[in-house]
Structure formats: C-alpha cells, structure tokens
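**Student:** sequence unknown, structure follows:
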C-alpha cells in the first residue's frame, strides 16, 4: 500500500512516501494509523494528536472509520494552510 | 441663485444650468421646486414626481425641507445609476 | 486616490500602486463593473462626484481596517464589454477587504452622482441597489 | 481553468481571458492573497490539489450564477509582498461575483491541500478559517 505524508507529518516520519504491507487485521484508516504508530518514534510523534490529522484515500478526504479497500494511495497530512 | 440639472431633469428642462432669482418667499428646497414648476411645462414635467428627485446644496445631498440659505449652487437630479 | 476619467483603467497598475513597497497587505480585492449587452453614455456631477467618492471611501476606512482603497469610475461613451468602474481594497485580512469592496460598490451605486443613458433612455435606479446599501446601515459601527 | 504554479500570475491577463469576446459579464471580482512580513515556502499534494480546486469551483458554480471563475495558487519560495493566490469570479451581477469569490477563498483555505512553512516552522491552521468556511454550510442550496 502506497502511503504519502505531507508537511509536518512528512518531517516527523522522515519520508514523503513509502510502500507498506499492513496485516490483514488493518481494515480502516484508524487501524492503519494504529499500526503505523507501532513502527517507531517518528510515526508516534506524527500521529500522536489525531485531531490534527487529515486522511485521504485516492486523493479524496475520508474519515478515520473509512474502509481502506485496495487504494492506489493513502495520504496523511495536517490541516491545510494554503490561500 | 445658480441651479444645475442632470440627466433626465436636464433633458426635460432643456438646460444644464441657469441663474434664477426666486422670490423671498422661497425659503427651502420644496419651495424652490414649487416655484420652478410655475416656470413652464418642462419644469412641470421634470419635477412632477418628487419621489424620484434628489437635491444637493453646494454638492451635499439635502432633504426637501432644507433651508436654501445663500448657496453657490443647488442641483436637482434623478436617482443615481452609476457603478 | 479616486478618479473620474474617460479612459480605461489598468488593474495591475492600480494594485501595484497600492501595494508597492509594503508587506502589511495580505488581501487585495478588486471589483470591476462592465457594460453588458448595451451601449451606454455615462455622465456625472463633476465636483460632487469626487466629494461623494471621498466620503464613501472615508466611511469604509472607519468601518474596516484597510491599508488602502481606490475607486475609479469612467464617464462618456461605453460599449459592451467595456469597464465602467473599479474598486480596489487592500487589507491585512480577507474579510475586511471583501466587505469593504462590497460596501464601496453598494454606496457608490446609490450615492455617487453618475447617470447612465442607454441610447435615448436614462437607465432607471434599481430597488435592489437601495436594498443592498441599506444592509450596511444596520451594521453602523 | 485552475492552476498550481511557481511563477507569479497576471491579473489583467487572467481577467481578459475570462471576459474576452463576451458581453454577458457585468461584474468581475478578484481576490489576491499576498505574503505579509515573512518568508514562506508553499508545498502541496499534487493531484489532490487540482481535484479539490475543481470540486470547490464546481460547488461555486452550483451555488451562484457564474459566467466564469478561476483559481491560481503558487507554490515554492515566496517573500514578503509576493502573490500567493488569485481567485477571479465573473457574473452578470455583483452579488454573485462577490459571494462566490468569498466562498472560493474560504473553501480553498480549509480544503485545498497546501501547506505553508515559515522558516523551519509549519504555519498552523486558523480556527477563523474553519468558521468562515462553516458559514456556507448553513446556506447550502
């Protein structure tokens, strides 16, 4: 599964993009975050405050209870600050 | 007293500007309009519908009960349509 | 800062004049009014127009935190697609710039002594413009 | 019609592109967002940005009678006074053009995946932007 990280999440995790293979028990976005947080302190720091995490599956905003399915990409990022 | 007319009022009265000497009994804008309407059918047509007449004394909007005093100019015109 | 002129205006140049050398402006709003499907002749009450535009601008300055604003209004013969009026507001924040630009247009439409003629017919004032201007009265600071 | 680009934009040229050859546009509103006293780096989620801008524009088109609109957003390194974003709306009437431009900016600020960095610090999202975007929810058509 292709994961993308932007802005402060990218900095904390240390990469803009990675391919991961989560276990079958990971069904939704919340489960994916739980699993990512077991992968090291960078991930822990990145996902510590879920209130300021936004998620997108295939470039569409999703809630954390959204099922993952078989996406082309899943992205995590902080609240946007453009404009 | 210098009078200015704009837009449809100018067309109906037939001049953009004139100097008039109203009688002493003419004290306010309403009185001036009453007196002007005695001056001919063009004036009558121009001032017929007072709801759509705007007046300005020395380039400031005034109500019809405003006293004339000794102004440099008094202007009459229809509701504005710029912008 | 306000102008009444026959020639067209240049929005880029007007914005540049307002923002040049400044770094306290975060938001610039422009409104341009254009002639639609008719041919218009614009006349105005020279002298009073400039006074009214100045008053409208001063009122906007008291109501919103504006770094700058400008009103440019054309007069004379205008054809479809031509610019008629330009309002620019500059502020630290977008809400001030947007509201002030709307206010300037609403007040200009109902107070500045311009008149449009379409062929031989004078354009009539619109009740919707009076209503738009009236909403700012309720919000007087 | 929407663009994400590193280079600056030309408001005159963008307005001309929207209005050229048309006589059904009576009102053009532009909003430019500028960098204030800091140096910024803008990054975005390429692909999702364009989709979100397209959705925001489509939503504006359903809510207001717009003849045209465009959103241009810059990315990369920007210094004080530089343009960041441009929104243009064109309509027959000014109320539609003004409201749609405000809506586009409010939605862009809260939905389009751009992030600003000031030196080493990421700019934090503002509650006032969420509040500004929320007011349009209550007015859903």
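**Tutor:** Right, received. Where do you want to start? What you see is a predicted model; the values in this text were computed from it and never measured.
**Student:** need the longest helix for chain C.
**Tutor:** When chain C is scanned for its longest helix (criterion: DSSP state H), the result is helix C:94-111.
**Student:** report the angle between that helix and helix D:94-111.
**Tutor:** With axes from the mean of the first three to the mean of the last three CA atoms, to 10 degrees defining the directions, helix C:94-111 sits at 180 degrees from helix D:94-111.
**Student:** quick one: mean pLDDT for helix C:94-111?
**Tutor:** Per-residue pLDDT over helix C:94-111 has a mean of 98.
**Student:** I'd like the next helix or strand past that helix.
**Tutor:** Going down the chain from helix C:94-111, the next helix or strand is strand C:114-118, by DSSP states H and E.
**Student:** touching chain D at all, that following strand?
**Tutor:** No. Remark: strand C:114-118 sits outside contact range of chain D, by CB under 8 Å from any CB of the partner chain, the gap being at least 12.1 Å. C-beta coordinates here come from the backbone N, C-alpha and C atoms, glycine included.
**Student:** list the buried residues for that strand?
**Tutor:** C:114, C:115, C:116, C:117 (16 or more other CB atoms under 10 Å in any protein chain shown).
**Student:** need the residues that contact whichever helix or strand comes after it.
**Tutor:** Later in the chain than strand C:114-118, the nearest helix or strand by DSSP H and E is strand C:121-122. Residues outside strand C:121-122 that contact it (CB atoms under 8 Å, 6 or more residues apart in numbering or on different chains) are B:7, B:8, B:11, B:78, B:81, C:115, C:116.
**Student:** still on that earlier bit, the longest helix of chain C: how far from the chain's middle?
**Tutor:** 8 Å (CA atoms, centre = their mean, to the nearest Å).
**Student:** packing partners for it?
**Tutor:** Where contact means 3 or more CB pairs under 8 Å, 6 or more residues apart in numbering or on different chains; DSSP states H and E, helix C:94-111 is packed against strand C:27-34, helix C:48-63, strand C:66-74, strand C:83-91, helix C:127-137, strand D:27-34, helix D:94-111.
**Student:** what angle separates the last one from helix D:48-63?
**Tutor:** Helix D:94-111 and helix D:48-63 meet at an angle of 150 degrees, taking the same axes, to 10 degrees as the criterion.
**Student:** got the angle between helix D:94-111 and strand D:83-91?
**Tutor:** 140 degrees.
**Student:** list the buried residues in helix D:94-111.
**Tutor:** Those buried within helix D:94-111 under the rule 16+ other CB under 10 Å are D:94-111.
**Student:** try the second one
**Tutor:** Of all the residues in helix C:48-63, those buried under the rule 16+ other CB under 10 Å are C:48, C:49, C:50, C:51, C:52, C:53, C:56, C:57, C:59, C:60, C:63.
**Student:** check the fifth one too.
**Tutor:** Of the residues in helix C:127-137, those scored as buried under the neighbour-count criterion (16+ other CB under 10 Å) are C:129, C:132, C:133, C:136.
**Student:** so who does the residue in chain A positioned nearest to chain C touch?
**Tutor:** Distance from chain C to each residue of chain A (CB to the nearest CB) is smallest for residue A:83, at 8.2 Å. Neighbour list for residue A:83: D:33, D:73, D:84, D:85, D:105, D:108, D:109, D:112, D:114, D:129 [criterion: CB under 8 Å, 6+ apart].
**Student:** mind checking pLDDT for the nearest residue to residue C:109 once chain neighbours are set aside?
**Tutor:** Distances taken as CB to CB, 6 or more residues apart in numbering or on different chains place residue B:83 nearest to residue C:109, at 4.0 Å, with adjacent residues excluded. Looking at residue B:83, its pLDDT reads 96.
**Student:** helix, strand or coil for residue B:83?
**Tutor:** Following DSSP: H, G, I helix; E, B strand; the rest coil, residue B:83 is assigned to coil.
**Student:** from residue C:85, how far off is it?
**Tutor:** 5 Å (CB to CB, to the nearest Å).
**Student:** rewinding a little: and the contacts of strand C:121-122 as CSV, adding distance to residue B:45?
**Tutor:** Formatted as CSV, these follow (distance: CB to CB, whole Å):
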residue, distance to residue B:45
B:7, 14
B:8, 9
B:11, 10
B:78, 12
B:81, 19
C:115, 17
C:116, 21
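**Student:** is stretch C:126-134 in proximity to chain D?
**Tutor:** Yes. Counting by CB under 8 Å from any CB, chain D is contacted by stretch C:126-134 at residue C:132.
**Student:** contacts for that stretch, please.
**Tutor:** B:83, C:106, C:107, C:109, C:110, C:111, D:95.
**Student:** again, only this time at 6 Å
**Tutor:** C:106, C:107, C:109, C:110 (CB atoms under 6 Å, 6 or more residues apart in numbering or on different chains).
**Student:** as a whole number, average confidence for that stretch?
**Tutor:** Rounded mean pLDDT across stretch C:126-134 is 94.
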